[in-house]
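>>> Build the 3D model from these lines:
(2 chains)
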Amino acid sequence: MTATTETKAQAAGAVPSFDVTVKILRSIPSDAPSGGYGEPAPAPTSRWDSFTISVHGTDRVLDALHKVKWEHDGSLTFRRSCAHGVCGSDAMRINGRNRLACKTLLKDLDPRKPIKIEPLKGLPVIKDLVVNMEPFFDSYREIQPFLITTGVEPTKERLQSVTERARFDDTTKCILCACCTTSCPVFWTDGQYFGPQAIVAAHRWIFDSRDEGAAQRLEILNDREGVWRCRTTFNCTDACPRGIEVTKAISEVKRALLTRTH
Amino acid sequence: MQTHQYDVVIVGAGGAGMRAALESSVRTRTAVISKLYPTRSHTGAAQGGMCAALANVEEDNSEWHTFDTVKGGDYLVDQDAAEIMAEEAIDAVLDLEKMGLPFNRTPEGRIDQRRFGGHTRNHGEAAVRRSCYAADRTGHMILQTLYQQCVKNDVAFFNEFYALDLLVDHDLSAGHIDAGQEVRVVGVVAYELATGEIHVFRAKSVVFATGGAGRMYKTTSNAHTLTGDGIALAYRRGLPIEDMEFFQFHPTGLAGLGILLSEAARGEGGILRNCEGERFMERYAPTIKDLAPRDIVARSMANEVREGRGCGPHKDYVLLDLTHLEPAHIDAKLPDITEFARTYLGVEPYTEPVPVYPTAHYLMGGIPTNVEGEVLRNADDVVKGLYAAGECACVSVHGSNRLGTNSLLDINVFGRRAGIAAAEYALNADFVRLPEDADPAGAVVAELEAIRNRTDGEKPSELRRALAETMDANAQVFRTEDSLEQALADVRALVRRYRNVCVQDKSRAFNTDLLEAVELGFMLDLAEVVVLGSLLRKESRGGHFREDYPKRDDAAFMRHTLAYRRPADDDGTDGDATGPFALNSLSDGYRVVFGSKSVTQTRYQPMERKY
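Got it, this is the predicted structure:
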């Protein structure tokens, strides 16, 4: 990865290489498993580790993490897969903001100061930068994120106008990275709250002209832990690596609840 | 260790795995094990679309689609499979729409369609609008939609479980078994990343849908997790792997980074230019120019660079020009890929052309299957209860070069077929009985513990870097006897060094250091076969281009390659190893034995491929 990026940096004659210090919050929680091998579980720890590495102008935070893992400390643990911002694996807190490590260029952060990297906030840490995503996916699954229809299926496709299709385009972009939900102060203090992502997922269906499940989804989100807990902080919109207007989607769902006719 | 028992176990939760799961879970007790959360799978990175002759915007039919697929694959396509795929494409798209996939629409509200490389009207007359799409995130929408349906149907997922062994009742890597003798699947051994615990999944049917292996190359569009796991597991158990020398290099990777920019950019009117500003594809493919199939475009680009017409300070890339397109059109049709250019290269595609160069993208070869998805153990016999679909499989609808959009189609058509076939087999089968003293996870545990407990040795990241570099340098778009011999020597040296691989992380929980080492082992096994197959195939066809044999040679090579892993002392009688396919190569304590399999031709006679 690093070598690949190097070629590009040289090719484009772009930003030269520079040194950067990454400061990473390392954790082993107290309930870390021993794997059923009869070995004692590792001692719980939580500490900041700093690594100074040489990087290139086009390198991303993910490249820095790989460099640390592959050249300095193989035990550094994080999730990643696609490495270009479409799979949603490597969401983490970078200098206090939720971002995807593969979409954050190091040169766009201030490289003169250490770059602080922490796991997402509000979900239980499994190890280092890896958190337990299950509570997040539970909320997603709870809002019934699938097409609900009644009646007989058409032989060919359901028709949908270009305008109807555009109505919910923004919220179809979601990659379930959890940047929004884990940036929400309400979610930090109340893990029961559905969180922005689940509301975005509901929005994607509520405003889809083909779907007939809006009433039941709105009822789910009318819950005490539903859409009304949103305090319109806009953290979620700022955090979304896909540029979804999350807060706007939430207000549209609120409005749909207020104007529903039954 | 935990043991589970399911009728059907599906390995992999990308498009093919989840499409299979939707079928088998309504018929049988099904589990899906996946090394990623399903929505992280690389299907989600596919951009441009999924072709089907819906004829929503212009005249089209599935016979034309079949022909394009066969010709695009340089006639190594099994034509019966291509016919099935093109015919079932229409329902596959309509099924997805009925599941709620938000396709772009025509003014009449129908599914919109656009042009794509190699897809033509009436056997090559002109480009046709066949690709059904959702902006430039069609794969994302397919992955989301299939996962949503799995949620609806309450499919049982084991997320972040790595499949580390395939269990069959005859280990064919231990020696030859006569043709016709029954071989049955038993299950899989998996590793739970969160805890380090081993799980044995016993199953009547197993479906492999584990994706590609692009990470054996340095410049690749593939996710870090695409390390060929399922293909390597089948191969290690002595099952053949087919046509591994055919790797697709996608023309438009972001220069130096390999990140994919969809062919849809050219489908929407983008043009490739060299340093003289020339639209060079006019010279290589006068009729369809920039929309020629990927192998041709990639080779043309590499040739421009080689002949000194590359761009940039090192003249090592060409340019993808979108500047003549309306920004509003770009925003509507290509929003994600233009953002990639901005984010990663700092280039504004409205006003500047984007630096691009071919990137390792897709493995045409894989685990051989018939059209029901049943895995073959030689040219004729199947393994009872074992299925494969998607990029890890080779059915073979892509032949020696896949057309754009046909992979999203492949996973839906053959994922569905494999899911149905696996379930139907399971409904009428019993579990294979294991001997009382069997330790099905023994081999996996021993390997993992050896790596984990080694205190000094080779660093996986070093070996991986060396592998990727030699594959890029010696087994990429252009190949020769010399370059391939170099790659073989390098890969074999790495295979030997790998025996002493050592990781720093010794813990149980979420040990990605350990799993990266295991994945490297898969890639090394497969890279050796890629290189040997490339050496064996002394011709140029589709994605495999030998500079020392630049012509296609139908007389000698119009056959699928099969590679088997066999013991070092095996006499190597497997797989119809005759003629040019008779290669039996002794490696580090085992043999790679080659054979071949005929290509199914129905109505299309091989012709010279011109565009």
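>>> what ranges of the chain fall below the confidence cut-off?
If you meant another chain, say so; for now it's chain A. Residues of chain A meeting the criterion pLDDT under 70: A:1-15, A:32-39, A:261-262.
>>> wait, I meant chain B there
Those would be B:571-577, if you go by pLDDT under 70 across chain B.
>>> Was I right to think B:Asn412 contacts B:Gly15?
Yes - if you go by Cβ atoms under 8 Å, B:Asn412 and B:Gly15 touch, sitting 6.6 Å apart. Backbone N, C-alpha and C define where each C-beta goes, glycine included.
>>> Of all residues in the stretch 251-400 of chain B, which one is closest to chain A?
B:Gly256 (2.3 Å; Cβ to the nearest Cβ).
>>> about what we covered before: the more surrounded of B:Asn412 and B:Gly15?
Remark: of B:Asn412 and B:Gly15, B:Gly15 carries more neighbours, 33 against 29, as counted by other Cβ atoms under 10 Å in any protein chain shown.
>>> Distance check, that one against chain A.
Going from B:Gly15 to chain A by Cβ to the nearest Cβ, to the nearest Å gives 13 Å.
>>> That residue: what's it in contact with?
B:Ser41, B:Thr43, B:Gly139, B:Ile142, B:Leu143, B:Leu146, B:Gly390, B:Leu408, B:Ile411, B:Asn412, B:Gly415 (Cβ atoms under 8 Å, 6 or more residues apart in numbering or on different chains).
>>> let's see 10 Å
Contact analysis of B:Gly15 by Cβ atoms under 10 Å, 6 or more residues apart in numbering or on different chains lists B:38, B:41-44, B:46, B:50, B:139, B:142-143, B:145-147, B:209, B:211, B:389-391, B:407-412, B:415.
>>> And for B:Leu166?
B:Leu166 touches B:11, B:185-189, B:206, B:208, B:230, B:232-237, B:239, B:375, B:383, B:386, counting by Cβ under 10 Å, 6+ apart.
>>> Could you find the closest non-adjacent residue to B:Ala468?
Of all residues not flanking B:Ala468 in the chain, B:Lys218 sits nearest, at 3.8 Å (Cβ to Cβ, 6 or more residues apart in numbering or on different chains).
>>> so how far is B:Glu547 from that neighbour?
Computed as Cβ to Cβ, to the nearest Å, the B:Lys218 to B:Glu547 distance reads 20 Å.
>>> can you check B:Gly14 too?
For B:Gly14 relative to B:Glu547 (Cβ to Cβ), the value is 35 Å.
>>> of the two, who's got more company?
B:Gly14 (33 against 12).
>>> Verify the stated contact: the more buried one with B:Tyr37.
No - if you go by Cβ atoms under 10 Å, B:Gly14 and B:Tyr37 don't touch, sitting 11.4 Å apart.
>>> got any residues that touch both of the two?
B:Tyr147.
>>> Contacts (any at all) between chain A and stretch B:487-503?
Yes - using Cβ under 10 Å from any Cβ of the partner chain, stretch B:487-503 reaches chain A at B:Cys502, B:Val503.
>>> check contacts around the nearest residue to B:Val93 once chain neighbours are set aside.
Distances taken as Cβ to Cβ, 6+ apart place B:Ala52 nearest to B:Val93, at 4.3 Å, with adjacent residues excluded. Remark: with contacts taken as Cβ under 10 Å, 6+ apart, B:Ala52 is in contact with B:60, B:62, B:65, B:85-94, B:96, B:111, B:113, B:130-132, B:405, B:409, B:412-413.
>>> 8 Å instead, please
Each residue near B:Ala52 by Cβ under 8 Å, 6+ apart is listed here: B:Ser62, B:His65, B:Ala89, B:Ile90, B:Ala92, B:Val93, B:Arg130, B:Cys132, B:Leu409.
>>> where does the residue with the largest distance to the centre of chain A land in three-state SS?
Here chain A reaches farthest from its C-alpha mean at A:Thr155, the gap being 37.6 Å by Cα atoms, centre = their mean. The three-state assignment at A:Thr155 reads coil, by DSSP: H, G, I helix; E, B strand; the rest coil.
>>> Could you pull up phi and psi at it?
phi -70, psi -50 (degrees, to the nearest 10).
>>> can you check the one 5 residues further on too?
For A:Gln160, the backbone dihedrals are phi -150, psi 130 (criterion: degrees, to the nearest 10).
>>> tell me the SS of B:Gly253?
Reduced to three states by three-state DSSP, B:Gly253 is strand.
>>> residue contacts, it?
B:Gly253 touches B:Thr219, B:Thr220, B:Ser221, B:Ile259, B:Leu260, B:Leu261, B:Val356, B:Tyr357, B:Pro358, B:Thr359, B:His361, counting by Cβ under 8 Å, 6+ apart.
>>> Test my guess that B:Leu261 contacts B:Glu339.
No - with contact defined as Cβ under 8 Å, B:Leu261 does not reach B:Glu339; the gap is 10.7 Å.
>>> So for the two, which residue has more residues nearby?
Taking other Cβ under 10 Å, B:Leu261 and B:Glu339 do not tie; B:Leu261 has more neighbours (29 against 17).
>>> who touches residue 172 in this structure?
You didn't say which chain, so I picked chain A. A:Arg204, B:Pro102, B:Ala134, B:Met141, B:Gln144.
>>> The intended chain is chain B.
With Cβ under 8 Å, 6+ apart, B:Leu172 has these contacts: B:Val183, B:Arg237, B:Gly238, B:Leu239, B:Arg377, B:Tyr564.
>>> If we ignore the residues flanking it in sequence, what's nearest the last one?
Pointing back at B:Tyr564 there. In space, B:Tyr564 is closest to B:Val593, 4.7 Å off (Cβ to Cβ, 6+ apart).
>>> Could you do B:Met1 as well?
Per Cβ to Cβ, 6+ apart, closest to B:Met1 is B:Ile198, 4.8 Å.
>>> Check B:Gly269 too.
Per Cβ to Cβ, 6+ apart, closest to B:Gly269 is B:Leu325, 5.5 Å.
>>> Quick one: neighbours of that neighbour, just the number.
B:Leu325 has 19 nearby residues by other Cβ under 10 Å.
>>> What residues does it make contact with?
Per Cβ under 8 Å, 6+ apart, neighbours of B:Leu325: B:Glu268, B:Gly269, B:Gly270.
>>> Can you report how many residues neighbour the closest residue to chain A within the stretch 351-500 of chain B?
Closest approach of the stretch 351-500 of chain B to chain A (Cβ to the nearest Cβ) occurs at B:Ser461, with a separation of 3.5 Å. B:Ser461 has 19 neighbours, counted by other Cβ under 10 Å.
>>> so it sits right up against A:Asp73, yeah?
No - contact criterion Cβ under 8 Å: B:Ser461 and A:Asp73 do not qualify, at 11.5 Å.
>>> re earlier: common neighbours of B:Asn412 and B:Gly15, please.
B:Ile142.
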